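Novice: I would like to see how this sequence folds:
(chains A and B)
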Number of protein chains: 2
Amino acid sequence: MRRFAVVGHRAATAGDFSLNDLPGSAGRMDILCRCAAASLFLSHGLRRDAECYLVLCGEPAPPKTVLFRGGEVRSLSPDERSVGGMIKSALAIPCGALFRESAPGIYVRRGGLERLLAEVSIAVLEEDGSDVRAAPSLPEGFLLSDHENFSPEECALIEGLPRFSLGPRSLHADHAIAVLQNELDRRECGWT
Amino acid sequence: MRRFAVVGHRAATAGDFSLNDLPGSAGRMDILCRCAAASLFLSHGLRRDAECYLVLCGEPAPPKTVLFRGGEVRSLSPDERSVGGMIKSALAIPCGALFRESAPGIYVRRGGLERLLAEVSIAVLEEDGSDVRAAPSLPEGFLLSDHENFSPEECALIEGLPRFSLGPRSLHADHAIAVLQNELDRRECGWT
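Specialist: Have a look, this model is predicted:
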């Protein structure tokens, strides 16, 4: 299983945001939508072995986590508005401590990064990490941040986790996931 | 200079499409929007050395080419709706044989792939190409297709061009550009 987790520092936690303003009033939800798509989509099909956790930390009810399971989703399109609509629907259902399904393969629960780190084995993608191409093996899960850096509280939570870097330039989180998927694909298929 | 060209086989060629329906009535314009963003954006800034050519082949006035020049664009946001708005504005101005600027760094002209190939040195990204990581050097320009394969007419035009593959899985064009940018970044900065 491949797992990608992205912290959306200002991402809305209620389902009343406008799909016409994903970057603004939804708190850069556009980035998270593209991250979910980069986690799940191949050119003609879905990555059934992939999951994407979107950790939403914006108002009015943070934190919540929306989970996309590639093995279960149906009728998902890769454009931002479609993915945003799925997140909006997930945020509109009653949200408790356990993941609850809002559409096939799409789940929501209360809780954020701290809870996720206790459950999923994860490494951090950051500019100062070791080169991902040089790693003898790679972990199952990767954590990224949206357009903001990890907060001091988040930094304390992820201190001591393995850190990997993708290259010399700092990338948008969705582009980083695409690069990482390619590295994982190559390893899985023996392309060295 | 890095150049990325993407053929949008059904992408609208008039500026009257709805930003609320980029995948549908605008002819999978969502893919082209993400391709422009993957060509131009770093995490906190623009790739000033990059250009993106969107070859629009849909109704009502095909073909047209919209060009984004990273060195000149201003006030561009990476979300699909913002990029789509820029394409819509470009398609709304009178369009002639020469590139005409619709906003800083964004241009439009009549003409499609054949004309572009006569001007820009370009290689094709395809599954059957040689491994991009193994290439001693890489060309300045790359051609990709949207969700459809190249047509027989396009295949005739690109026959004989160098072909590169990014890995064992077929990717969305925007994800492919992100992977390619990473390979070019690494080479540029001596990350082997």
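
Novice: Residues of chain A that sit close to chain B?
Specialist: Residues of chain A lying close to chain B by Cβ under 8 Å from any Cβ of the partner chain are A:19-20, A:22-23, A:30, A:34, A:37-38, A:41-44, A:77-82, A:131, A:147, A:166-172, A:174-175, A:178-179, A:181-182, A:185-186, A:188-189, A:191. Quick note: C-beta positions are derived from backbone N, CA and C, even for glycine.

Novice: which helices and strands sit right next to the longest helix that chain A contains?
Specialist: Counting residues, the longest helix found in chain A (DSSP state H) is helix A:173-188. On a contact count with 3 or more Cβ pairs under 8 Å, 6 or more residues apart in numbering or on different chains; DSSP states H and E, helix A:173-188 meets strand A:2-8, helix A:29-40, strand A:141-145, helix B:173-188.

Novice: What ranges does chain A have for its strands?
Specialist: A:2-8, A:41-42, A:45-46, A:50-56, A:64-69, A:100-103, A:106-110, A:123-131, A:141-145, A:163-165 (DSSP state E).

Novice: how near is residue A:119 to residue A:112?
Specialist: According to Cβ to Cβ, to the nearest Å, residue A:119 and residue A:112 sit 12 Å apart.

Novice: and if you look at residue A:26?
Specialist: Counting by Cβ to Cβ, the gap from residue A:26 to residue A:112 is 17 Å.

Novice: more neighbours, the two?
Specialist: A count of neighbours by other Cβ atoms under 10 Å in any protein chain shown puts residue A:26 above the other of residue A:26 and residue A:112, at 27 against 21.

Novice: Skipping its backbone neighbours, what lies nearest the more buried one in space?
Specialist: Distances taken as Cβ to Cβ, 6 or more residues apart in numbering or on different chains place residue A:17 nearest to residue A:26, at 3.9 Å, with adjacent residues excluded.

Novice: Residue A:2 too?
Specialist: Nearest non-adjacent residue to residue A:2, counting by Cβ to Cβ, 6+ apart: residue A:50, 4.6 Å away.

Novice: How about exporting stretch A:165-172 as PDB, limited to the C-alpha atoms?
Specialist: Presented in PDB, the C-alpha positions along stretch A:165-172 are these (Å, rounded to 0.1, in the frame of the first residue of the first chain):
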ATOM      1  CA  SER A 165      14.000  14.900  -0.500                       C
ATOM      2  CA  LEU A 166      13.000  14.600  -4.100                       C
ATOM      3  CA  GLY A 167      15.500  17.000  -5.600                       C
ATOM      4  CA  PRO A 168      17.100  20.400  -5.600                       C
ATOM      5  CA  ARG A 169      13.900  22.400  -6.000                       C
ATOM      6  CA  SER A 170      11.000  22.900  -3.600                       C
ATOM      7  CA  LEU A 171       7.800  21.600  -5.300                       C
ATOM      8  CA  HIS A 172       4.100  22.000  -4.900                       C
END
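
Novice: mind listing what's buried in it?
Specialist: Neighbour counts over stretch A:165-172 (16 or more other Cβ atoms under 10 Å in any protein chain shown) mark A:165, A:166, A:167, A:169, A:171, A:172 as buried.

Novice: want to throw the residues you listed into a markdown table with pLDDT and distance to residue A:101?
Specialist: Shown next, in a markdown table, are the buried residues of stretch A:165-172 (pLDDT from 0 to 100; distance: Cβ to Cβ, whole Å):
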| residue | pLDDT | distance to residue A:101 |
| --- | --- | --- |
| A:165 | 98 | 35 |
| A:166 | 98 | 32 |
| A:167 | 97 | 37 |
| A:169 | 97 | 38 |
| A:171 | 97 | 32 |
| A:172 | 98 | 29 |
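
Novice: sorry, back to before: does the residue nearest to residue A:2 touch residue A:1 like I think?
Specialist: Yes - Residue A:50 is within contact range of residue A:1, at 7.4 Å (criterion: Cβ atoms under 8 Å).

Novice: got a list of what residue A:10 touches?
Specialist: Residues in contact with residue A:10, defined by Cβ atoms under 8 Å, 6 or more residues apart in numbering or on different chains, are A:27, A:28, A:57, A:58, A:146, A:148.

Novice: tell me which of those is nearest to chain B?
Specialist: The closest of those to chain B turns out to be residue A:28 (Cβ to the nearest Cβ; 8.6 Å).

Novice: What about the closest one? Give its phi and psi, please.
Specialist: As for residue A:28, its main-chain torsions (degrees, to the nearest 10) stand at phi 60, psi 40.

Novice: what's the longest helix of chain A in contact with?
Specialist: So helix A:173-188 is contacted by A:2, A:4, A:6, A:31, A:34-35, A:37-39, A:47, A:50, A:125, A:132-133, A:138, A:142, A:144-147, A:166-167, A:171, A:191-192, B:38, B:41, B:166-169, B:171, B:174-175, B:178-179, B:181-182 (Cβ under 8 Å, 6+ apart).

Novice: Kindly recompute the last result at 6 Å.
Specialist: The contact list for helix A:173-188 (Cβ atoms under 6 Å, 6 or more residues apart in numbering or on different chains) reads A:4, A:6, A:31, A:34-35, A:38-39, A:125, A:132, A:144, A:146, A:166, B:167-169, B:175, B:178-179, B:182.

Novice: Starting from residue A:131, give me the distance back to residue A:146.
Specialist: Using Cβ to Cβ, residue A:146 is found at 23 Å from residue A:131.

Novice: which one of the two has more residues nearby?
Specialist: residue A:146 (24 against 14).

Novice: mind listing what the more buried one touches?
Specialist: Per Cβ under 6 Å, 6+ apart, neighbours of residue A:146: A:8, A:9, A:28, A:31, A:173.

Novice: neighbour-wise, which of the residues you listed leads?
Specialist: When neighbours are counted by other Cβ under 10 Å, residue A:8 leads the contacts of residue A:146 with 30 neighbours.
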